[in-house]
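**Q** Pasted the sequence and its predicted model underneath.
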Amino acid sequence: MYASYASPKTKLFPESACGGFTRVDGTVEFYSRIAALLRPDMTVLNFGAGRGAHLDDDVPYRRELCRLRGKVRKVIAADIDPAVHENSDVDEAVVVAEKAPLPFENESFDLVVADFVFEHIATPSETALELTRVLKPGGYICARTPNKWGYVGICANAIPYAWHHSILRVLQPHRRHQDVFPTEYHMNTRGALQRLFPPDRFEHFTYTHNPEPGYGGNSELLWRMTLLGFRFLPDAMGTVLLIFMRKRDGLDTERAS
């Protein structure tokens, strides 16, 4: 079922009654751009795929947009959580050891997807090197993560993690307990991404996005205040970073240098 007509979402984004998603839906924005990059011959790494929480989405269009399996040659999921074996949207699931190298050969993947994963990475330099290693030249890293300087990132850093579950039970009652993880925020600014994935090796196409106020709970006042704030905040304080980076091939590297 779609959201109730009495909800802030339907009041402030009436178009959500037509298909179940708003004109600023972050998931639709992110996965639409991924869909434009996919090719049937690709091998894709879903990095930090988890149990496949997107399969719980009650909006059919958005749920199908997020599906990767069947759209490419092969989807391999990697996660430190054994729950990845429950993910039915992959062709192969691999549990990886935290802080250990990824168990894949060099240049194995045409595209890497990391959806709300970068904010949980405790070893950014090692992770960036591993993602670079397993990505083919010309391949893309596509990631979605809270911007460290957006309101979600600022609040997450300011509030102790021990309180996160209690707060999210109020603001996001639909979110499952097992889908809440400790945050680190080492890979969540444009500057950090430029350092971790240097321009001589990657082309950067990252931008910020302000989706509907998912942390506004059922309070119309909070939704309105957040949406008003979006009008005045600079781009650097956008809520979410939508990260698209293309690994340069040899010719690109020569031109960049």
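**A** Happy to help now that I have it.

**Q** contacts, neighbours, all on C-alpha from now
**A** Will do.

**Q** How about the contacts made by residue 222?
**A** Taking CA atoms under 8 Å, 6 or more residues apart in numbering, we find residue 222 in contact with residue 216.

**Q** likewise residue 239?
**A** Counting by CA under 8 Å, 6+ apart, residue 239 makes contact with 146-147, 149-153, 208-211.

**Q** can you put the residues you listed in JSON lines and add distance to residue 110 and neighbour count?
**A** Listed next are the contacts of residue 239 as JSON lines, based on distance: CA to CA, whole Å; neighbours: other CA atoms under 10 Å:
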{"residue": "146", "distance to residue 110": "24", "neighbour count": "26"}
{"residue": "147", "distance to residue 110": "26", "neighbour count": "25"}
{"residue": "149", "distance to residue 110": "30", "neighbour count": "19"}
{"residue": "150", "distance to residue 110": "30", "neighbour count": "25"}
{"residue": "151", "distance to residue 110": "33", "neighbour count": "19"}
{"residue": "152", "distance to residue 110": "31", "neighbour count": "19"}
{"residue": "153", "distance to residue 110": "30", "neighbour count": "21"}
{"residue": "208", "distance to residue 110": "24", "neighbour count": "21"}
{"residue": "209", "distance to residue 110": "25", "neighbour count": "24"}
{"residue": "210", "distance to residue 110": "28", "neighbour count": "19"}
{"residue": "211", "distance to residue 110": "28", "neighbour count": "19"}
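
**Q** Export these as TSV, with columns for pLDDT.
**A** What follows is those, written out as TSV (pLDDT from 0 to 100):
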residue	pLDDT
146	95
147	96
149	93
150	89
151	87
152	83
153	81
208	97
209	97
210	96
211	95
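
**Q** how long is stretch 36-45 from one end to the other?
**A** Chord length of stretch 36-45, first to last residue, is 17 Å (CA to CA, to the nearest Å).
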